[in-house]
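Undergrad: everything below, folded, please.
(one chain, ligands or ions: 1)
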Amino acid sequence: MLYTSSLSKLESGWCSLASSDSKSLIKKYLTKGVFGELKGKKTSFGSTLLDCVQSGFENHDSGVGIYAPDAEAYTVFAPIFDPIIEDYHKGFKPTDKHPAKDWGDVNALGDLDAEKKYVISTRVRCARSLVGYPFNPLLTEAQYKEMEEKVSTTLKGLAGDLQGEFYRLTGMSKTVQQKLIDDHFLFKEGDRFLQAANASRFWPTGRGIFHNRDKTFLVWCNEEDHLRLISMQMGGNLGEVYKRLVTAVNDVEQRLPFAHHDRLGFLTFCPTNLGTTIRASVHIKLPKLAADKAKLEQVAAKYSLQVRGTRGEHTDAEGGVYDISNKRRMGLTEYQAVKEMNDGITELIKIEKQL
Ligand code: ARG
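TA: Sure thing, here's the model as predicted:
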């Protein structure tokens, strides 16, 4: 039985979203029928539909608006997750199975912008969840601490140019923290989408960042996902960035077991990140193309790319710098996801040159 307060919150949240002009995917797919079917359900962890959609209910400007409080939610609440997954990942159907991990030929990619005129920096990240722990909304304070300990100890084992240090958010000075955020190395604090999803409990406990000496390989601990593994550097050398990420993930994977789902691929808190979990992006200046933001987005979408502001999603472009990446992460391999960004950006640069 659901508590009446949770049910009435669900009812009023649904009504207010339904009558709003929100462009979110939950508004689109949480129809009256689906809502009625799911509003009384619970996972064995006790998660309800409200736990999944409250971020989108509170933030009508969400693009998506749903998170999985626990891995089981993807199954119990499949009638809402499935169509959203299919829409976001461009046709990944409920009957589709995400392909096996395949990094492809790590030497096949090169520099996106040898002339150094457009691409400012390049980044590839993936997300991983640790086996045996739920997602953020269900983690206890003790688990946060335990995970941070595990992660920092594991990362101490990295060798060569991946070698670095783990910095706990707890006790980090505001100046250091802000500098890391401004340089695009660290996640920002107080994301209202995550907060509404109950994903920021006990902050900053258990949250931290690891980086190597050059700040070209980074790991985020317990931000949105248990782990985000990130490779980045200035300029457009995607080949170097990708190779570094693959080396690092292969190494960490041997010492930390990651949660994987037969159909959905690697498990993440947000359905937009399932599958490969790969987001390959550039910071890029395309002044002519971007003179009309709608046009830029339209052209980018044609190549299955997504445009974000300089500081990532839900931000604006600063100084004409956009963050452009592959959009879908499911139903294709790791290599194909990165290649999608590679090919799309190559086309955008070509178009910019012709304007
Ligand atoms: N929930 C937010 C929205 O719907 C973020 C969605 C994708 N981004 C993410 N970091 N998971 O706009």
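
Undergrad: what about whichever residue of the stretch 251-355 of the chain sits closest to the ligand, how many neighbours?
TA: Using CB to the nearest ligand atom, the closest approach of the stretch 251-355 of the chain to the ligand is made by Cys270 at 3.3 Å. Glycine gets a C-beta too; all of them are placed from N, C-alpha and C. Look at Cys270: counted by other CB atoms under 10 Å, it has 21 neighbours.

Undergrad: ok, now the one 5 residues further on?
TA: Residue crowding around Gly275 was assessed by other CB under 10 Å; the count is 28.

Undergrad: ditto for Val124
TA: Neighbours of Val124 under the rule other CB under 10 Å: 26.

Undergrad: before we move on, what about Cys15?
TA: Cys15, neighbours per other CB under 10 Å, totals 11.

Undergrad: check Phe166 too.
TA: 18.

Undergrad: just after the one helix or strand it maps to, pick out the following helix or strand.
TA: Using DSSP states H and E, the element containing Phe166 is strand 164-168. Counting by DSSP H and E, the next helix or strand C-terminal to strand 164-168 is helix 174-182.

Undergrad: list the contacts of the residue of the stretch 251-355 of the chain closest to the ligand.
TA: 64, 66-68, 224 (CB atoms under 8 Å, 6 or more residues apart in numbering).

Undergrad: tell me which of those fall in helices.
TA: Here DSSP state H is the test, and the contacts of Cys270 give no hits in helices at all.

Undergrad: widest-spaced pair of these?
TA: Ile66 and Glu224 (13.3 Å; CB to CB).

Undergrad: ok so, going back, centre of the chain to the strand holding Phe166, how far?
TA: Its chain's C-alpha centre and that of strand 164-168 lie 21 Å apart, by CA atoms, centre = their mean, to the nearest Å.

Undergrad: for stretch 35-49, same thing?
TA: Relative to where its chain is centred, stretch 35-49 has its mean C-alpha point 24 Å off (CA atoms, centre = their mean).

Undergrad: for it, C-alpha coordinates in PDB please.
TA: What follows is stretch 35-49, C-alpha atoms only, in PDB (Å, rounded to 0.1, in the frame of the first residue of the first chain):
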ATOM      1  CA  PHE A  35       0.000   6.900 -14.900                       C
ATOM      2  CA  GLY A  36      -3.000   4.900 -13.700                       C
ATOM      3  CA  GLU A  37      -1.300   1.600 -14.400                       C
ATOM      4  CA  LEU A  38       1.900   2.600 -12.500                       C
ATOM      5  CA  LYS A  39       0.800   4.900  -9.600                       C
ATOM      6  CA  GLY A  40       0.200   2.000  -7.200                       C
ATOM      7  CA  LYS A  41       3.400   0.000  -7.900                       C
ATOM      8  CA  LYS A  42       6.500  -0.400  -5.900                       C
ATOM      9  CA  THR A  43       9.900  -2.100  -6.400                       C
ATOM     10  CA  SER A  44      11.100  -4.500  -3.800                       C
ATOM     11  CA  PHE A  45      13.300  -1.700  -2.500                       C
ATOM     12  CA  GLY A  46      10.100   0.300  -1.800                       C
ATOM     13  CA  SER A  47      10.600   2.800  -4.600                       C
ATOM     14  CA  THR A  48       7.400   4.300  -6.100                       C
ATOM     15  CA  LEU A  49       6.500   6.100  -9.300                       C
END
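
Undergrad: in that stretch, which residues are buried?
TA: Buried residues in stretch 35-49, counting neighbours by 16 or more other CB atoms under 10 Å, are found at 35, 38-39, 42-43, 45, 47-49.

Undergrad: turn the residues you listed into a markdown table, including secondary structure, distance to Lys9 and pLDDT.
TA: A markdown table is the format used below for those (DSSP: H, G, I helix; E, B strand; the rest coil; distance: CB to CB, whole Å; pLDDT from 0 to 100):
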| residue | secondary structure | distance to Lys9 | pLDDT |
| --- | --- | --- | --- |
| Phe35 | helix | 13 | 98 |
| Leu38 | helix | 14 | 98 |
| Lys39 | coil | 11 | 96 |
| Lys42 | strand | 15 | 96 |
| Thr43 | coil | 18 | 96 |
| Phe45 | coil | 19 | 92 |
| Ser47 | coil | 14 | 95 |
| Thr48 | strand | 10 | 96 |
| Leu49 | helix | 10 | 97 |
